[in-house]
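Student: Kindly generate the corresponding structure for this input.
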Amino acid sequence: MAMVFSIINNKGGTGKTTTTLNLGAALTKKKKSVLVIDFDGQCNLSSSLGVSGSSPNVGDLLLSQCKLDDAIYKHSSISIIPGAEKMLDIENQINNEPGGEYLLKETLNGVLNKYDFIFIDCPPNLGILSINSLVAADYFIVPMQTENFAFIGLDKILYISEKVNKRLNTNLQLAGILLIRFAQKTKFSQAVISNISNNDKLKDKLFNSFIRQDIALMESSAFGQTIYEYAPKSRGASDYFDLAKEILNKYGKK
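Tutor: Here you go, the predicted model:
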């Protein structure tokens, strides 16, 4: 039975897509079967795996315009349901659908036994698509850069997740906060860690693994590759492999 993770932050440029892509790829290196889902209208995850503009896509799937198997594409060892460029139109239709928050959960029931892990790359907002991802997920991960305004929106994410847990998905839990582009020795990075550690809601919710600044992570997605295809000996490859091991230790199959 797959463990489903929502990769979420309502601030853009926080590493959601990079994390979805390379954490998924790292887990395939550990012989795990992985499906990633592109919920962002910019379709960067789809572009990174060479399926941007593909149809059927996640929009067709949510609106019951295609079969689930037809919307799943394969890139090397990782599977993907590509995003749709007209996600705003799709969101509007979902908003008018009774029980629209459950569409993704209902859809994924058909593949939970086919994968070990499913990761959902959320848009940079907390609209109906992000709510769908939280309703479908067992856990959510919040990627966050250690920079000015890093905490903007974090309280709202926690607030929304608590509402989803109470009303729509009682199994939902915060897996952790993942520090992205992390410079361990800077005073600001240490201040971010201290603030998280001293927050009652976030105690023990900071991943031990962190992702250092690495230009190869940006370059790999631009060339339509995972970090393990593009630069397998890079810092980024090493860091996401460490994260994959941590995920397996905490949330591997029971």
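Student: What strand or helix carries residue 59?
Tutor: helix 58-62 (DSSP states H and E).
Student: Now the element after that helix, going C-ward?
Tutor: strand 73-75.
Student: just checking, what packs against the next helix or strand after that following strand?
Tutor: Using DSSP H and E, the helix or strand that follows strand 73-75 in sequence is strand 78-81. The contact analysis (3 or more CB pairs under 8 Å, 6 or more residues apart in numbering; DSSP states H and E) places strand 78-81 against helix 16-29, strand 34-38, strand 73-75. (Glycine included, C-beta is placed from N, CA and C.)
Student: make it 10 Å
Tutor: Judged by 3 or more CB pairs under 10 Å, 6 or more residues apart in numbering; DSSP states H and E, the packing partners of strand 78-81 are helix 16-29, strand 34-38, helix 44-48, helix 58-62, strand 73-75, helix 103-108, strand 117-121.
Student: Reformat those as JSON lines; add distance to residue 146 and mean pLDDT.
Tutor: Below are the helices and strands packed on strand 78-81 laid out as JSON lines (distance: least, CB to CB, whole Å; pLDDT from 0 to 100):
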{"stretch": "helix 16-29", "distance to residue 146": "15", "mean pLDDT": "97"}
{"stretch": "strand 34-38", "distance to residue 146": "25", "mean pLDDT": "98"}
{"stretch": "helix 44-48", "distance to residue 146": "22", "mean pLDDT": "95"}
{"stretch": "helix 58-62", "distance to residue 146": "31", "mean pLDDT": "95"}
{"stretch": "strand 73-75", "distance to residue 146": "31", "mean pLDDT": "94"}
{"stretch": "helix 103-108", "distance to residue 146": "31", "mean pLDDT": "96"}
{"stretch": "strand 117-121", "distance to residue 146": "21", "mean pLDDT": "98"}
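Student: Using TSV, please lay out those together with mean neighbour count and distance to residue 232.
Tutor: Shown next, in TSV, are these (neighbours: other CB atoms under 10 Å; distance: least, CB to CB, whole Å):
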stretch	mean neighbour count	distance to residue 232
helix 16-29	25	9
strand 34-38	27	17
helix 44-48	24	16
helix 58-62	24	29
strand 73-75	15	16
helix 103-108	20	30
strand 117-121	27	20
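Student: Including distance to residue 214, could these go into CSV?
Tutor: Shown next, in CSV, are these (distance: least, CB to CB, whole Å):
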stretch, distance to residue 214
helix 16-29, 10
strand 34-38, 20
helix 44-48, 15
helix 58-62, 28
strand 73-75, 21
helix 103-108, 31
strand 117-121, 19
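Student: among these, which is nearest residue 132?
Tutor: Taking CB to CB, helix 103-108 is the member of the helices and strands packed on strand 78-81 nearest to residue 132, at 4.2 Å.
Student: who's in contact with the closest one?
Tutor: 2, 4, 6, 35, 37, 39, 58, 61-64, 68, 71, 81, 94, 97, 99, 115, 118, 120, 128-129, 131-137, 168-169 (CB atoms under 10 Å, 6 or more residues apart in numbering).
Student: before we move on, the earlier item: and for the helix holding residue 59, what's in contact with it?
Tutor: So helix 58-62 is contacted by 37-41, 43, 46, 54, 65-68, 70-72, 80-87, 89-91, 93-94, 97, 100, 103-104, 106-108, 120, 128-129, 132 (CB under 10 Å, 6+ apart).
Student: CA atoms only: put it into PDB for me.
Tutor: Backbone C-alpha positions of helix 58-62 (Å, rounded to 0.1, in the frame of the first residue of the first chain) are rendered in PDB as follows:
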ATOM      1  CA  VAL A  58      -4.100  15.300 -14.200                       C
ATOM      2  CA  GLY A  59      -6.900  17.700 -15.200                       C
ATOM      3  CA  ASP A  60      -8.500  15.100 -17.500                       C
ATOM      4  CA  LEU A  61      -8.200  12.600 -14.700                       C
ATOM      5  CA  LEU A  62      -9.800  14.700 -12.000                       C
END
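Student: hmm, back to that, what subset of the contacts of helix 103-108 is buried?
Tutor: Neighbour-count burial (16 or more other CB atoms under 10 Å) is assigned, among these, to 2, 4, 6, 35, 37, 39, 58, 61-62, 71, 81, 94, 115, 118, 120, 128-129, 131-137, 168-169.
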